[in-house]
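In: this one's structure only:
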């Protein structure tokens, strides 16, 4: 204790993990009201606090430097390294993020950060969510911390906070016990913000642990294996196109590719645990069911009258490991800020764009009863081409994936409804 200051006692911040040590150094010599705030945050016992706890937190956040201390606590939680921490009275974890004695104060800091309403902490909350959710191999999952990370942003009535929660849901690895919690919390949070169901549907498609190319390996024979499931054999699950998901079994004796129903090679279940082989089969079936659901959902986009910005479409469709594979079977209409139109399969929308060639940002606007288009400066023509791209062929719907051409800057992508005119109807294109 110093003149006019007080250090937090060890029963509030137990020195059992790296985060508590860093936070105690940050709070050294803090004013008594800040120490009172930390002691109040440590009193949180459940994943969701009571109203009296929230009111007291808001009152303490009005003190000078209180919001900065809360932001620093979340930032340290996102940057501190793993360590050997106590999980329960007689068990330890060598890759732990938070020790069991400090779970209450850690969850209190998360709730205080969302109560403060500062969107600058969302990036750190996303990092903490990936650490506690088991997405990173350096950290063991922390289920009790993850529950607060789901509830706190959901009660924060801010679209950016909901976007962070959608990202955590998308990156949730299979087998984690929070899938049902997300399914219960996300629709309520989106409904409070007035987000329509079709926007919720396209933002809640899980990645199921797949990499950006639509595949994931297990074991070490078929590539770098995923850290969140360690079978006694090797396997490779790949989304090959909008209709096919393959599963490759491999061990020292056999390497065999299968498709649905993903039958294991002869004698494979005898050499390995039958439950592990069955888990792999169920996982591949789950990926296939998700692909089928996305295929039907994207078929319905031709009936929608809606535009999307290029950045939104690229994030939700082109770059998604499952939706992106299905989207490559459709022809999309691209319209830039000058109103020039191009229709092409989505795989021809180049991922990298040259900033020197980016047109002005588009301004989407709906029209009357006809198909909706996005209009920008100079818009008004049905034909034309994107700047820097070749004029599309009349057989654009028949182009096979693999041939790429440049797309200049942010455009507006609309559902392929207009392809029912003289161009072509939306149709699926099998790669190859």
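Out: Alright, I've got the coordinates. In this text the structure is predicted, and so the values were computed from the model without any measurement.
In: rest of the way, CA atoms for contacts and neighbours
Out: Fine.
In: the helix or strand residue 183 falls within - contacts with which helices or strands?
Out: Taking DSSP states H and E as the criterion, residue 183 maps to helix 179-192. Counting contacts by 3 or more Cα pairs under 8 Å, 6 or more residues apart in numbering; DSSP states H and E, helix 179-192 packs against helix 143-155, helix 159-170.
In: try 10 Å
Out: helix 143-155, helix 159-170, helix 197-203 (3 or more Cα pairs under 10 Å, 6 or more residues apart in numbering; DSSP states H and E).
In: do a quick rundown of the strands in this protein.
Out: 83-88, 91-96, 215-218, 234-239, 245-250, 255-258, 307-309, 331-335, 341-345, 363-364, 374-375, 412-414 (DSSP state E).
In: and residue 54, how far from residue 159?
Out: Distance of residue 54 to residue 159, computed by Cα to Cα, to the nearest Å: 21 Å.
In: using a markdown table, lay out the helices and strands packed on helix 179-192 together with distance to residue 331, mean neighbour count and mean pLDDT.
Out: As requested, the helices and strands packed on helix 179-192 are arranged in a markdown table below (distance: least, Cα to Cα, whole Å; neighbours: other Cα atoms under 10 Å; pLDDT from 0 to 100):
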| stretch | distance to residue 331 | mean neighbour count | mean pLDDT |
| --- | --- | --- | --- |
| helix 143-155 | 36 | 21 | 93 |
| helix 159-170 | 25 | 20 | 95 |
| helix 197-203 | 18 | 13 | 93 |
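In: coming back round to it: the helix holding residue 183: how far from the chain's middle?
Out: 15 Å (Cα atoms, centre = their mean, to the nearest Å).
In: buried stuff in that helix?
Out: Along helix 179-192, these residues count as buried under the neighbour rule (16 or more other Cα atoms under 10 Å): 182, 186, 187, 189, 190.
In: residues in contact with the last one?
Out: By Cα atoms under 10 Å, 6 or more residues apart in numbering, the contact set of residue 190 is 154, 157, 158, 159, 162, 163, 196, 197, 199, 200.
In: can you check the fourth one too?
Out: When contacts are counted by Cα under 10 Å, 6+ apart, residue 189 is found next to 151, 153, 154, 155, 156, 157, 158, 159, 161, 162, 165, 195.
In: the last one and residue 163 touch, don't they?
Out: No - checked against Cα atoms under 10 Å, the pair residue 195 and residue 163 is beyond contact range at 11.6 Å.
In: so what's residue 88 closest to, chain neighbours aside?
Out: residue 100 (6.3 Å; Cα to Cα, 6 or more residues apart in numbering).
In: enumerate every residue touching that neighbour.
Out: 14, 16, 17, 85, 86, 87, 88, 89, 92, 142, 144.
In: what about the second one, neighbour count?
Out: To tie it back to what came earlier, the one meant is residue 16. Look at residue 16: counted by other Cα atoms under 10 Å, it has 18 neighbours.
In: low-confidence stretches in the stretch 201-350 of the chain?
Out: For the stretch 201-350 of the chain, the stretches with pLDDT under 70 are 343-350.
In: repeat the analysis, applying 50 as the threshold.
Out: 350 (pLDDT under 50).
In: how near is residue 145 to residue 85?
Out: Taken as Cα to Cα, the span from residue 145 to residue 85 is 15 Å.
In: now stretch 51-58: buried residues?
Out: Buried-residue list, stretch 51-58, by 16+ other Cα under 10 Å: 53, 54, 57.
In: which residues touch it?
Out: 37-38, 40-41, 43-44, 48, 59-61, 108, 111-112, 115-116.
In: show me how the protein divides into domains.
Out: 18-203, 215-297, 304-420 (automatic domain parsing).
In: gap between the second one and the chain center?
Out: Put simply, domain 215-297 sits 23 Å off its chain's centre (Cα atoms, centre = their mean).
In: thinking again about what came up before, nearest to residue 228 among the strands of the chain would be which one?
Out: Proximity to residue 228 (Cα to Cα) singles out strand 215-218 among these, at 9.1 Å.
In: okay, now the sheet partners of the closest one, with direction.
Out: strand 234-239 (antiparallel) (DSSP bridges).
In: I figured residue 322 hits residue 287, correct?
Out: Yes - with contact defined as Cα under 10 Å, residue 322 reaches residue 287; the gap is 8.3 Å.
In: neighbour count: these two, which is higher?
Out: Taking other Cα under 10 Å, residue 322 and residue 287 do not tie; residue 322 has more neighbours (32 against 23).
In: from residue 328, how far off is that one?
Out: With Cα to Cα as the criterion, residue 322 and residue 328 are 11 Å apart.
In: now do the shared contacts for the two.
Out: 241, 242.
In: what pLDDT does the nearest residue to residue 98 once chain neighbours are set aside get?
Out: Residue nearest to residue 98 in three dimensions, not counting chain neighbours: residue 17, with 6.1 Å by Cα to Cα, 6+ apart. In this model, residue 17 is scored at 91, pLDDT.
In: next, give phi and psi for residue 17.
Out: Main-chain torsions, residue 17, degrees, to the nearest 10: phi -150, psi 170.
In: any idea how far residue 30 is from it?
Out: Applying Cα to Cα to residue 17 and residue 30 gives a distance of 21 Å.
In: report the contact partners of residue 192.
Out: 154, 155, 157, 158.
In: between those, which sits nearest residue 314?
Out: For the contacts of residue 192, the nearest to residue 314 is residue 158 (22.7 Å; Cα to Cα).
In: what is the burial count for that closest one?
Out: 17.
In: so what's residue 12 up against?
Out: Contacts of residue 12 by Cα under 10 Å, 6+ apart are 20, 35, 38, 39, 40, 41, 42, 43, 101, 102, 104, 105.
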